[in-house]
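Visitor: any chance you could fold what I've pasted below:
(chains A and B)
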Amino acid sequence: MSDKSTFAGIFRLHHLRLAAVAIVLAVFFLAFYNTRQYPVARGFQVNEIRDSKNSQPHFESHFASSQLHVQAHAASIVALKDGRLRAFWFSGSREGASDVEIHSAVFDPAARQWSGETVVATRPTTERAVRRYISKLGNPVCGRAADGRLWLFYVTVSVGGWSGSSLTARVSADEGNTWSTPRRLVTSPFFNISTMVKGTPFLFADGTMGVPVYHEMINKFAEILRLDARGNVVDLQRLSSGKEHALQPVMLIKSTLEALVMMRNSGPMKPRHAWITSTQDGGKSWSKPEDSGLLNPNSALSALPLPDGRILAVANNQVRQGISKGRDALALMISGPDGKHWKMVYRLENHVAARGMDLGKSMYQHMMVKAARHSDATLATSSEDVVQQYATSAGSAMCGDDGCGFEFSYPYLIQTKTGDFHLVYTWNRSFIKHIWFNRAWLNQQLQK
Amino acid sequence: MALLRALRLPRRVVWVAMALAAIGACIPVGGLPLAAYVRGVLGDLSMPLLIVMGSALWHYARDRRQQNLKERNILLVIAALCGLIFYPLALGVGYTDPYRLGFGNIWFVALLLAFALCAIYKNFYLLASCVMLSVLAWSIHLYEANNLWNYLLDPLLVIYAVMALAGQGIVAVWQSRKCAALD
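Guide: You can find the predicted model right below:
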């Protein structure tokens, strides 16, 4: 009897085990099938750039944002199918405030004019859509997917500072007039926090979208996020380790297989130089980050490759007392194809001389009025009252207990299919400035 | 559950408190249910943590102590070791990022299959269930995450595993000293 019950027990156990194995095999069959949804990256799509039709040098600047007495920061810009351009930035009472919204405006090159601002995303609408508490919004960037739709990625924070952030995405099929419901992207295993975005999205050869992102919590490092056509995260590739303190990667695609990534340096060493890493196999592997030689005072930079292989960058590159410091000067820089030998092409902004000086209220206002007139083609001919309002708005953002200063930061440079360059950046924390120039103007500057 | 047992609260009180907590989580505050604030911080819980919690709740409901303590401890040791190696690497220590394996790496899935089959061979059905349900949830995109690691492991599971193992270690040391003193 005892032998019989033991045998029955073993028989039952054997059957239970067989059933468990069968279930496990069935589940893993599904899992192996699921791995097909994660394609391996094989090369990049290279933007086709035509030579600028306009052979005359062209350079003009505008304010893309128009609201007064708010802080505006972290702009990005994308070319629309009809030749216009759409910019995005965050705007509110101050960076990190709960009233910060993602704003957008459209530039018509034919009319040489920016439209009024529209609100693309707010904290409450994002909160309701992702069904989570959101305390603040941050950097927005926009990219065009292989199917022609625009994807907007922006930073959201539930708790704490920017290192507690995650990414939210929206998609538009009508060039940014209307947007889908916000959707949270999961990009980190640790409470899905500390992924931020700043660089221009790009396309891989298989049509998946690459988004340069960075991580700030505990360690600072850069990564490339890859999304499929439905916006699902299919890969996350590390470009640097915590040792380099590299942030805000910018992708420069030179050919299907060759690309460089430049990164902001937030490390302790001085003088700081931007980091650079490269791939020769279409992004399968990346070199260890190296010193690019481009001065970087722990500030965002933007860059793109020119058709002749050289690299054009926009950066805060000023040197004072042997170290790179501050964001009160901004310049166009050029390097050879290796991205390691830089020279200045054109100084876009320069208020280094005013640094540390007690300017006095009237002198500061006078300087701001002059800078505002210089920055916007329309303001150049506007009445004194209007320009004074712009200057006052900028002054209120840039004056604190330790005096008043200037800031030109977070550049974002693109080249459209016609070969024209469009640059947007933060102008004294109060406006988004847009600069439009063509290859003829750049060649003219390079010959100087 | 061990804490609830230690407090010796009447079972009815515990169930009422749990029901109230569940209802409270659904109360809207500022347009969002209270649970959304917690979810905003914690995210979705991993399958092994849900299984560990579910198993503990099941045994508490039946007023029985867990039978499979050895297997549970093996699960906690694996979770603690994985977490202590995985999170530092995933958070930027070095160039290697194990989190990337979770994006459909076929060898990682194969490794998990081998682990699940070994667990069944050793009659560790709780371990096999944890891996199998995580993989199933990932395959059907149950959560927002597309990465298999988000289904297998979460920081709360690692914290719980480390604390539970440390607690057991302290109790074992205290008991052995007590026995030695009595001798």
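Visitor: what separates the residue most central in space within chain B from B:Cys82, distance-wise?
Guide: When Cα atoms, centre = their mean is applied to chain B, the residue found nearest the centroid is B:Leu49 (2.4 Å). The gap separating B:Leu49 from B:Cys82 is 13 Å, by Cβ to Cβ, to the nearest Å. For the C-beta atoms, the positions are set from N, CA and C on the backbone; glycine is no exception.
Visitor: sorry, back to before: ok, the residue nearest to the centre of chain B - contacts?
Guide: By Cβ atoms under 8 Å, 6 or more residues apart in numbering or on different chains, the contact set of B:Leu49 is B:Asp154, B:Leu156, B:Leu157, B:Tyr160.
Visitor: tell me, how many residues neighbour A:Arg183?
Guide: Number of residues near A:Arg183 (other Cβ atoms under 10 Å in any protein chain shown) recorded here: 15.
Visitor: got a list of what it touches?
Guide: With Cβ under 8 Å, 6+ apart, A:Arg183 has these contacts: A:Ala129, A:Val130, A:Thr168, A:Ala169, A:Arg170, A:Gly231.
Visitor: could you do A:His273 as well?
Guide: Contacts of A:His273 (Cβ under 8 Å, 6+ apart): A:Asn265, A:Asp291, A:Ser292, A:Gly293, A:Leu294, A:Leu295, A:Asn296, A:Ser324.
Visitor: over to B:Val158?
Guide: So B:Val158 contacts B:Ala79, B:Ala80, B:Cys82, B:Gly83, B:Leu84, B:Tyr87 (Cβ under 8 Å, 6+ apart).
Visitor: which helix or strand contains it?
Guide: Element membership of B:Val158, judged by DSSP states H and E, is helix B:155-182.
Visitor: in that helix, what counts as buried?
Guide: Applying a neighbour-count criterion of 16 or more other Cβ atoms under 10 Å in any protein chain shown, one finds B:Pro155, B:Leu156, B:Leu157, B:Val158, B:Tyr160, B:Ala161, B:Val162, B:Ala164 buried in helix B:155-182.
Visitor: what does stretch A:130-149 give?
Guide: So for stretch A:130-149, counting by 16+ other Cβ under 10 Å, buried means A:130, A:132-145, A:149.
Visitor: quick check: the two most widely separated of the residues you listed?
Guide: Within the buried residues of stretch A:130-149, A:Tyr133 and A:Arg144 form the most distant pair, 31.5 Å apart (Cβ to Cβ).
Visitor: point out where chain B drops to low pLDDT.
Guide: Counting by pLDDT under 70, the ranges of chain B that qualify are B:1-7, B:65-67, B:183.
Visitor: ranges for the strands of it?
Guide: B:28-29, B:32-33 (DSSP state E).
Visitor: looking at these, which is buried most?
Guide: Comparing these by mean neighbour count (mean count of other Cβ atoms under 10 Å in any protein chain shown), strand B:32-33 comes out on top with a mean of 16.
Visitor: show me the contacts for the residue nearest the centre of chain A.
Guide: Residue closest to the mean C-alpha point of chain A, counted by Cα atoms, centre = their mean, is A:Lys198 at 2.0 Å. Going by Cβ under 8 Å, 6+ apart, A:Lys198 touches A:Ala74, A:Asn139, A:Val141, A:Pro212, A:Tyr214, A:Leu247, A:Gln248, A:Pro249, A:Val250, A:Ala300, A:Tyr410.
Visitor: out of those, which are inside strands?
Guide: Members of these lying in strands (criterion: DSSP E): A:Ala74, A:Asn139, A:Val141, A:Pro212, A:Tyr214, A:Leu247, A:Gln248, A:Pro249, A:Val250, A:Tyr410.
Visitor: of those residues, closest to B:Lys122?
Guide: Of all the ones in strands among the contacts of A:Lys198, the one with the least separation from B:Lys122 (Cβ to Cβ) is A:Tyr214, at 43.0 Å.
Visitor: if we can go back for a sec, name the nearest residue to the residue nearest to the centre of chain A, ignoring sequence neighbours.
Guide: A:Gln248 (4.1 Å; Cβ to Cβ, 6 or more residues apart in numbering or on different chains).
Visitor: and residue 70, how many neighbours?
Guide: Since you didn't name a chain, this refers to chain A. Neighbours of A:Val70 (other Cβ under 10 Å): 23.
Visitor: hmm, I had chain B in mind actually
Guide: B:Lys70 has 9 nearby residues by other Cβ under 10 Å.
Visitor: and it, how far is that from chain A?
Guide: 17 Å (Cβ to the nearest Cβ, to the nearest Å).
Visitor: so which helix or strand takes in A:Ala72?
Guide: Here A:Ala72 sits within strand A:71-79, counting by DSSP H and E.
Visitor: now the element after that strand, going C-ward?
Guide: strand A:85-92.
Visitor: what pairs with that next one, parallel or antiparallel?
Guide: Its sheet considered, strand A:85-92 pairs with strand A:71-79 (antiparallel), strand A:101-108 (antiparallel) by DSSP bridges.
Visitor: between those strands, which gets nearest to B:Val173?
Guide: strand A:71-79 (53.7 Å).
Visitor: highest neighbour count among the contacts of A:His273?
Guide: A:Asn265 (30 neighbours).
Visitor: the helices in chain A, which residues?
Guide: A:2-34, A:123-130, A:361-375, A:384-398, A:439-447 (DSSP state H).
Visitor: residues contacting the fourth one, please?
Guide: Which is helix A:384-398. A:63, A:68-71, A:364-365, A:368-369, A:371-373, A:376, A:379, A:404-407, A:427-431.
Visitor: buried subset of those as a ChimeraX selection?
Guide: Here is the ChimeraX command that selects the buried residues among those (16+ other Cβ under 10 Å):
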select /A:63,70,71,364,365,368,369,371,372,373,376,379,404,405,406,407,427,428,429,430,431
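Visitor: so what's the residue count around the residue of the stretch 301-448 of chain A found nearest chain B?
Guide: Proximity of the stretch 301-448 of chain A to chain B (Cβ to the nearest Cβ) peaks at A:Gly339, 20.1 Å away. The local packing of A:Gly339 (other Cβ under 10 Å) involves 25 other residues.
Visitor: check A:Arg36 too.
Guide: For A:Arg36, using other Cβ under 10 Å, the count is 9.
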